[in-house]
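> Have a look at this prediction, sequence included:
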Amino acid sequence: MGNWDTQAGSPTPLGVTWIDAELAYNFALYSKYAEKVILLLYQAADLVNSAVKYEFDSRRNKTGRVWHARIPKAQMAGAEYYAYSIDGPPSSDSRFERHAFNPQKILLDPYAKSVFFPPAFDRVAALGTASNAGKAPLGILCDQDMSFDWGTDARPHHDGDLIIYEMHVRGFTMNPNSGVSAENRGTFAGMIEKIPYLHELGITAVELMPVIQFDDTEPNYWGYMPLNFFAPHCKYAHQQSGCDQIQEFRKMVKALHQSGIEIILDVVYNHTGEGNESGPTFSLKGIDNSTYYMASPDPQHPYADYTGTGNTLHCANAAVRQLIVDSLRYWVREMHVDGFRFDLASVFSRNTDGSINFGDPPIFGDIATDPDLAGVRLIAEPWEGNSRYPNYELGETEFVDRDLIMSCWQMSSCQCPPVRSALQRSFPGIGWRQWNDRFCRTIQHFVKSDPGFVSDLMTRIYGSSDLFPDSLMDACRPYQSLNYISSHDGLTLFDLVAYNSPPTWNCGDRDGESGVDAEVMRLRKRQMKNFFCLLMLSNGTPMFRAGDEFLHTQGGDGNPYNVDSSTTWLDWSRLDTHADIFRFFQKMIAFSKSHPSIGRSLFWRDDVIWYGVGRDVDWSSDSRSLAYCLHGASESDSDLYVMINAYWERLTFTVQEGQARDWKPVVDTYFESPDDFVDPSATSGLLSLTYAVEPRSLVVLVRP
């Protein structure tokens, strides 16, 4: 009797697997409600008519809810691509059985490792009920030998010196002035060419905006509308034929690792690009709609939309959780990725009916117990995307609705009423780093000179212990706070000081750069240095966006998600124009990395003493100044004395500790380069314990 798997295929693993001993492919697809599944195999010469149709026998080729088959390559008629046609019951009146089966639609395998878009690909053809044969994305049957020589590749791991650089693969090198060879611009290969620059700046981890396959004809420049969770985006590869993009991605990872740089992927497991009932059918909708997507109570609008994108993945479902964990495992095991930043991660805590699991959402346990994911960096964006259904989960403290928080922070004072239905006690991923938008907003408001932020500034610099308490019960760590001031989702750091809006200030001149007074431009640069100093001097994990180090601008556009042009591509000519800012960023990064007392695994506690212009902190609403001394002995480090003046007039601070000659000024953001950052060995101690901190400036003293 022959091997059962050889005869009928194996239900594991899902997707397509090459069986070298049998010179055959194993196909496995999950669909709970499907009644008829047909595997379609296509030759390159005919992408409309399948060369082979294999209809699964539900008694022979189905185990549980997985349809499977084993097909020898010799019987595949030279096919290079594959897809599925699936039929099943019509949508029922039940909220949780709203099927969307349509055998006319050509469906992409959710587990496809590489995706092919035929020349006639048409997003519109995926709408409605008509066939989209020849116009649909297909899975690629990668060559049986997809091995890669990783050599001695070892994943780098950074602790107190972790500096995360958020970037867009295409936008990073697409500009002709990027210095990258023409054929590699906007690709993974282009990234490799820029590794020396990352080293020069001092970056230790890159966080790539979504590089998993999406439909960029939507348009969808940012990539937050995924089509598939396994395949690298084909347009980001220099070689886009076959499965070459897999190998090019691996080469990039290997090169980054050889340079000691971690790679973190921004992943979107909360929704897909199939949208709502008006969106296209590419994959999950037609395979098993009621399994993969959450249903709303309204049959006229059947898709629950907690993400603001039209649909929400049903992360409480075991099959969906398996899809997500399998995807994470693939990127770690086969692609050697070091970590993940989860977009709209609060969706993970939604139950099937849309309620929030305040206790223990199962997907967190699935991730935590997977051996391949042990030790991998996990970063959450701890909120969702639809303000109608607030689910804001940052940290360990109860919060009101996020939109109310955001509007309140734009005022001098606020009495926000609790919105109990929107509360979440804490983000349930224990130990995950979390994007701390409260750090972001506090620093923005304080540097802008808004009143009433001194107390909150202290908390953010200290490591946001209100959000991540180190009590006996909670035992949180400050590095769980991922500190940032600008990110892809909002204005660039320069645009924060070059455009006027309720949360921003253009420093007293017209918006933008054209015709701006030289003194105003000097103030803008000073404000940028203040921003970056506070980021690099705060306890927690720092992150900043690519291009901020040379004043990248998007013309004041904080949401160019669909703009693929010079507006969003980095303009590398600004690196020469603003070399002074690049130098300051580079020096501050090196300074932070060389002072382990700043970014600790524990909170500063008794090692920090807070002061004001004099001995006492000015807690008043009108206060715009703060000082502190961070003692470094416990970390075998120097002492730091930081004086912050966000006021529009000079303030004379009195250093409260030690002798004047003990303190050497290293940073003074008021001065222009190179005097804004000097080497301690090249400067002498203070002559007096009084120090005049100029308007809107920050000073750092070092006591060896």
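Happy to help now that I have it. Residues are numbered from 1 along each chain as shown.

> for the protein, which spans come out with low pLDDT?
Counting by pLDDT under 70, the chain contains low-confidence residues at 1-2, 397-425.

> starting at the chain centroid, how far to stretch 171-186?
Its chain's average C-alpha position is 22 Å from that of stretch 171-186, according to Cα atoms, centre = their mean, to the nearest Å.

> Which of the three states applies to the residue nearest the centre of the chain?
For the chain, residue 266 is the residue whose C-alpha lies nearest the centre (Cα atoms, centre = their mean; 3.6 Å). Put simply, residue 266 is strand when judged by DSSP: H, G, I helix; E, B strand; the rest coil.

> for it, what are its contacts?
Residues in contact with residue 266, defined by Cβ atoms under 8 Å, 6 or more residues apart in numbering, are 166, 207-210, 340-341, 343. No exception for glycine: its C-beta is placed from N, CA and C like everyone else's.

> rerun at 10 Å
Residues near residue 266 by Cβ atoms under 10 Å, 6 or more residues apart in numbering: 166-168, 207-212, 222-224, 340-343, 379, 381, 488.

> For it, list each beta-bridge partner.
Residue 266 forms beta bridges with residue 341, as assigned by DSSP bridges.

> so how far is residue 108 from it?
Distance of residue 266 to residue 108, computed by Cβ to Cβ, to the nearest Å: 22 Å.

> repeat for residue 253
Separation of residue 253 from residue 108 (Cβ to Cβ) stands at 25 Å.

> now swap in residue 288 and tell me
13 Å.

> before we move on, what about residue 149?
Using Cβ to Cβ, residue 149 is found at 30 Å from residue 108.

> go on, residue 88?
Look at residue 88 and residue 108: by Cβ to Cβ, they are 17 Å apart.

> And for residue 38?
From residue 38 across to residue 108, the span is 14 Å (Cβ to Cβ).

> between the two, which one's more packed in?
residue 108 (24 against 17; other Cβ atoms under 10 Å).

> and that one, backbone torsions?
Main-chain torsions, residue 108, degrees, to the nearest 10: phi -80, psi 130.

> Could you list which residues are in contact with the residue nearest to it when sequence neighbours are not counted?
The shortest distance from residue 108 to any residue other than its chain neighbours is 4.3 Å, reached at residue 283 (Cβ to Cβ, 6 or more residues apart in numbering). Neighbouring residues of residue 283 by Cβ under 10 Å, 6+ apart: 83-84, 105-110, 112, 115, 126, 136-137, 139, 226-228, 272-274, 292.

> rerun at 6 Å
Residue 283 is in contact with 107-108, 110, counting by Cβ atoms under 6 Å, 6 or more residues apart in numbering.

> same thing with residue 347?
By Cβ under 6 Å, 6+ apart, the residues touching residue 347 are 270, 306, 312, 384.

> Output these as CSV; include the columns secondary structure.
As requested, those are arranged in CSV below (three-state DSSP):
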residue, secondary structure
270, coil
306, coil
312, coil
384, coil
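
> wait, which of those residues is closest to residue 200?
residue 270 (35.8 Å; Cβ to Cβ).

> can you map out the helices along the stretch 501-650 of the chain?
Ranges of helices within the stretch 501-650 of the chain are 518-537, 573-577, 579-594, based on DSSP state H, counting those that start in this stretch.

> got the CA coordinates for the last one in PDB?
In PDB, the C-alpha atoms belonging to helix 579-594 read as follows (Å, rounded to 0.1, in the frame of the first residue of the first chain):
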ATOM      1  CA  ALA A 579      25.100  68.700   7.000                       C
ATOM      2  CA  ASP A 580      25.000  70.600  10.300                       C
ATOM      3  CA  ILE A 581      21.800  68.800  11.400                       C
ATOM      4  CA  PHE A 582      23.100  65.500  10.200                       C
ATOM      5  CA  ARG A 583      26.300  66.000  12.300                       C
ATOM      6  CA  PHE A 584      24.200  66.900  15.400                       C
ATOM      7  CA  PHE A 585      22.000  63.800  15.000                       C
ATOM      8  CA  GLN A 586      25.100  61.600  14.500                       C
ATOM      9  CA  LYS A 587      26.800  63.100  17.600                       C
ATOM     10  CA  MET A 588      23.700  62.800  19.800                       C
ATOM     11  CA  ILE A 589      23.200  59.100  18.800                       C
ATOM     12  CA  ALA A 590      26.800  58.400  19.600                       C
ATOM     13  CA  PHE A 591      26.400  60.300  22.900                       C
ATOM     14  CA  SER A 592      23.400  58.300  23.900                       C
ATOM     15  CA  LYS A 593      25.000  55.000  23.000                       C
ATOM     16  CA  SER A 594      28.100  55.900  25.000                       C
END
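
> Centre of the chain to that helix, how far?
On Cα atoms, centre = their mean, the centre of helix 579-594 falls 23 Å from the chain's centre.

> Can you tell me what sits against that helix?
Residues outside helix 579-594 that contact it (Cβ under 6 Å, 6+ apart): 161, 163, 201-202, 529, 532, 536, 549-551, 575, 598, 673, 676-677.

> what's the answer for the shortest one, then?
Residues from elsewhere that reach helix 573-577 (Cβ under 6 Å, 6+ apart): 177, 550-551, 582.

> need those residues in a markdown table with distance to residue 435, can you?
Shown next, in a markdown table, are the contacts of helix 573-577 (distance: Cβ to Cβ, whole Å):
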| residue | distance to residue 435 |
| --- | --- |
| 177 | 31 |
| 550 | 24 |
| 551 | 23 |
| 582 | 25 |
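
> Selecting buried members of those residues in PyMOL, what would you type?
In PyMOL, this line selects whichever of the contacts of helix 573-577 come out buried by 16 or more other Cβ atoms under 10 Å:
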select buried, resi 550+551+582
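
> Just name the closest of the contacts of helix 573-577 to residue 619, please.
Lowest distance from residue 619 to the contacts of helix 573-577 (Cβ to Cβ) belongs to residue 551, with 34.6 Å.

> so which strand or helix has the closest residue to residue 317 other than its chain neighbours?
Nearest residue to residue 317 in three dimensions, chain neighbours excluded: residue 291, at 5.9 Å (Cβ to Cβ, 6+ apart). Applying DSSP states H and E as the criterion places residue 291 in helix 284-292.
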